[in-house]
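> Only the shape, not the letters, is given here:
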């Protein structure tokens, strides 16, 4: 017991003494297959090149709150953090992430196009370094939908044609948009309508029609599991999760790409790093977001690289050898009808609509 | 003692009064005892009590508005919000400088986020304003540059305001002190004043607004940015302030009196800007963002400008702060009181079902022969050695519609396959899973109390003619009540703060208030509201504990 205590004490001391050991950096990401794809495409080549040891921390889901707490405590232990664009925007707003000059601090495309042009509109916040485009879309059980598989987003709201449970994410974002689309609102008007109290009620009223048949999910892995168990007939989740259920696990699941919502994921560098750590973090990010590296990641997971110049380089799956391009959310066949997450709208309306959403859920 | 009648105090062997000597010995004993527990006490204070107090304090803390917009808050004090009336020019002016400064310090978006909790849309007003604020300053900077390229340099401003070495008395330290305070409030720092940096009084009198903003900018650049403020360019807002000063008739006499190398520069500029249209801050702010022409934005700032607020607590009970006092939230946003009630109700149900299920088990444990009861004990303890997440997820597998229980029922023909039971993702699922998870906390205290009840009591009761039931109810049960009490308190308090299990198996009807607290901590970042909810939850627990003490008596509780 005494020994244990002294070990604990010693480790506590070493934690207090600071995490900065020579050539070690902590990179925060989402875990699972996604972290694995980053490990293969970015971390391993980077470590081989520079000798820096990379420590993974799967805390991206709580990144904003944890960074805020670290910042208040004056001890930021993370070097690079993988977050969705909406969180990057919040971190930037809160002054918790460092502003990036994309052109001077990131690699240009092989043909010399500066990074800001190569990423284009995907740079949605000054602190955000885009990495992938993913989408939230629907998967359905091929054996439970009969001869007419769903091909329209409004099939989600059609309990007659597709009886059974569906799973939706337990938050208003995306669900409200889909509901309005299927309630007859034109795509271009969705956010105008959703900005009004009447429009919010309208979206909730539409969702009311299927509320009793919905299982609400919190984690991206829920829907693939529910599909595999046959608990639901269709459900929304991230396209990469469905890809792995269909292609890697060979589940009887099909993709419904209609009205998929594009979202972005990328890196931020926390504010308040020491000069040395900042330099290393920037060096890593420059390496990991160059054209080739972004294309490499697509070998391991079906998320689209954020650089325009990476798209032609996307090849085959590293283990299965299948062509990755048709599984990308950005593939022309899949992207016939798409939505782009409206960051500005949700930054403003999130608190308000979420309160209504929660009250509606509890009813 | 009572037989002592003389007035002389009783003396100890060393001649001191006995009372004194005794209290001294006792004090020494207490100190020694305190020294023994001191490490633990300090540990608990530092890692438990302090963080909780710190977190709870956030439920009333609201200094962000007055720290980031000090001049605006001050100017808004005398303004009363009336429908469709905008604030006057002085308030727009104050806001312009507050926001310019906040935008450079990257603090304006924090305030936008804070106020967006109260008024939807403010966050983008602040974010967009941050980018647009420097435009007007840039345009004016060009005009100054056209007048004289020297205006382009920070050096010029430095010479314009600082005193000569020879003329130290006439410095205006007052301005710099205030601006240092402004900077420290804004960034939450405690910077010391800059040595050897003073503003000359005759110059601050001629250009008071510019002096104020220059003083701030110099401190900010030097202390916060660690840059030389005498080199390069000055911030854009300074050109707006300078224009304002040069156009202000009150400054004219002082400007005319200016002497020194930069005096001519200022006088030429003053002559030029006299002919230009006057600055209009209201228009300037509207150009920055049209939302500044909405009275509701100003009302929101004014309403939430106090350093301490009851707003979070009002929000926590489905009310909100308005200009006319607290008001009830619209029905479409009422949720938290429902969740509080549900949390207490379901925790009580879970506690009662733990008692009902746990009592027989505890009785068996206490009364079976050692070998069998040990085996039973292992079964009770086994869940303790399994991760909470695993146990909760296991319930998912058991309870879902294609799960074990439904499959068995369908196989037995008790339910139709298209009419399977819904026993998860609702309150029922939460109750089942939590009862299972918390059951050991009920059984163990009950067991330890029951073990101490001599079996002879029940035998004696029976031999005196009691039936089995009477012997149990009148003799055994009353002695086991302290165990029930201890178990109930444990289970109830654990249940009321449970979070992960309701999240996984609770669906929409089975979630607790703690799920909302978690949401506000990690997703919405509204820590003030989360703290208020937590404070209420803590109070509920303490009140229930107090009530329990009054009714049952905490001394009757035995944990072993």
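Received, thanks. All figures in this text were calculated on a predicted structure; none of them were measured in a lab.

> Could you pick out the residues of the stretch 251-400 of chain B near chain A for me?
B:329, B:331-335, B:338-339, B:400 (C-beta under 8 Å from any C-beta of the partner chain). In this view, the C-beta of every residue, glycine as well, is placed from N, C-alpha and C.

> can you do 7 Å?
B:332-335, B:338, B:400 (C-beta under 7 Å from any C-beta of the partner chain).

> Am I right that residue A:81 falls within a helix?
No. Using DSSP: H, G, I helix; E, B strand; the rest coil, the assignment for residue A:81 is strand, not a helix.

> Bridge partners for it, pull those for me.
residue A:28, residue A:268 (DSSP bridges).

> Could you tell me which residues make contact with it?
Residues in contact with residue A:81, defined by C-beta atoms under 7 Å, 6 or more residues apart in numbering or on different chains, are A:28, A:60, A:63, A:67, A:267-268, A:270.

> from the chain's centre, how far out does the lengthiest helix in chain A sit?
What stands out as the longest helix in chain A, according to DSSP state H, is helix A:343-362. The chain centroid and the centroid of helix A:343-362 are separated by 19 Å under C-alpha atoms, centre = their mean, to the nearest Å.

> how about that helix: buried residues?
Using 16 or more other C-beta atoms under 10 Å in any protein chain shown as the test for burial, helix A:343-362 gives A:343, A:345-361.

> average model confidence for it?
Here helix A:343-362 scores 91 as its mean pLDDT.

> In terms of residue numbering, what are the domains of the chain?
Unless you meant another one, I'm taking chain A. A:19-133+A:264-327, A:137-261+A:357-362 (automatic domain parsing).

> Chain B, not that one
B:149-278, B:337-556.

> and those domains as CSV, adding mean pLDDT?
Below are the domains of chain B laid out as CSV (pLDDT from 0 to 100):
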stretch, mean pLDDT
domain B:149-278, 89
domain B:337-556, 92
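
> Spatially, what comes nearest to residue B:110 if we skip its sequence neighbours?
Distances taken as C-beta to C-beta, 6 or more residues apart in numbering or on different chains place residue A:94 nearest to residue B:110, at 5.7 Å, with adjacent residues excluded.

> Let me see the contact set for the one you found.
Neighbours of residue A:94 in contact, by C-beta under 7 Å, 6+ apart: A:68, B:109-110, B:113.

> ditto for residue A:358
residue B:335 are the contacts of residue A:358 under C-beta under 7 Å, 6+ apart.

> Check residue A:159 too.
Neighbours of residue A:159 in contact, by C-beta under 7 Å, 6+ apart: A:210, A:213.

> how about it, secondary structure?
Applying three-state DSSP: residue A:159 is coil.

> pLDDT score for it?
So residue A:159 comes in at 95 (pLDDT).

> and the gap between it and residue A:256?
Distance of residue A:159 to residue A:256, computed by C-beta to C-beta, to the nearest Å: 16 Å.

> Kindly report the same for residue B:131.
39 Å.

> Compare the two (neighbour count), which wins?
Ranked by neighbour count (other C-beta atoms under 10 Å in any protein chain shown), residue B:131 and residue A:256 place residue A:256 first, with 22 against 12.

> Okay, and that one sits in which element?
Element membership for residue A:256 (DSSP states H and E) is strand A:253-268.

> Residue B:195 falls within a strand, correct?
No. Going by three-state DSSP, the assignment for residue B:195 is coil, not a strand.

> how about it, phi and psi?
Backbone dihedrals for residue B:195, given as degrees, to the nearest 10, come out at phi -70, psi 150.

> Number of residues surrounding it?
6.

> Next one: it relative to residue B:184, how far apart?
17 Å.

> Sketch out the low-pLDDT regions of the stretch 1-150 of chain B for me.
Filtered on pLDDT under 70, the stretch 1-150 of chain B yields the residue ranges B:1-6.

> Find the closest residue to chain A in it.
When scored by C-beta to the nearest C-beta, the stretch 1-150 of chain B has residue B:109 as its residue closest to chain A, at 3.6 Å.

> show me the contacts for the nearest residue to that residue once chain neighbours are set aside.
Distance criterion C-beta to C-beta, 6+ apart; nearest residue to residue B:109, sequence neighbours excluded, is residue A:93 at 3.6 Å. Residue A:93 is in contact with B:109-110, B:112-113, B:127, counting by C-beta under 7 Å, 6+ apart.

> Distance of the residue of the stretch 51-200 of chain A at minimum distance from chain B relative to residue A:99?
Nearest to chain B in the stretch 51-200 of chain A, going by C-beta to the nearest C-beta, is residue A:93, at a distance of 3.6 Å. Separation of residue A:93 from residue A:99 (C-beta to C-beta) stands at 12 Å.

> tell me the strands in chain A, going along the chain?
A:24-28, A:53-57, A:80-84, A:129-141, A:166-169, A:214-217, A:234-238, A:253-268, A:304-305, A:338-340 (DSSP state E).

> Mind putting these into TSV with mean pLDDT?
Formatted as TSV, those follow (pLDDT from 0 to 100):
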stretch	mean pLDDT
strand A:24-28	95
strand A:53-57	94
strand A:80-84	96
strand A:129-141	95
strand A:166-169	96
strand A:214-217	94
strand A:234-238	95
strand A:253-268	95
strand A:304-305	92
strand A:338-340	87
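
> Next, count neighbours for residue B:341.
Neighbour count for residue B:341, taken as other C-beta under 10 Å: 11.

> What strand or helix carries it?
Going by DSSP H and E, residue B:341 is part of helix B:336-367.

> and that helix, what does it pack onto?
Under the contact criterion of 3 or more C-beta pairs under 7 Å, 6 or more residues apart in numbering or on different chains; DSSP states H and E, helix B:336-367 touches helix B:370-381, helix B:427-451, helix B:477-496, helix B:513-522.

> what angle do it and helix B:427-451 make?
40 degrees (axes from the mean of the first three to the mean of the last three C-alpha atoms, to 10 degrees).

> and helix B:336-367, which residues are buried?
B:336, B:339-340, B:342-344, B:346-347, B:349-351, B:353-355, B:358-359, B:361-363, B:365-366.
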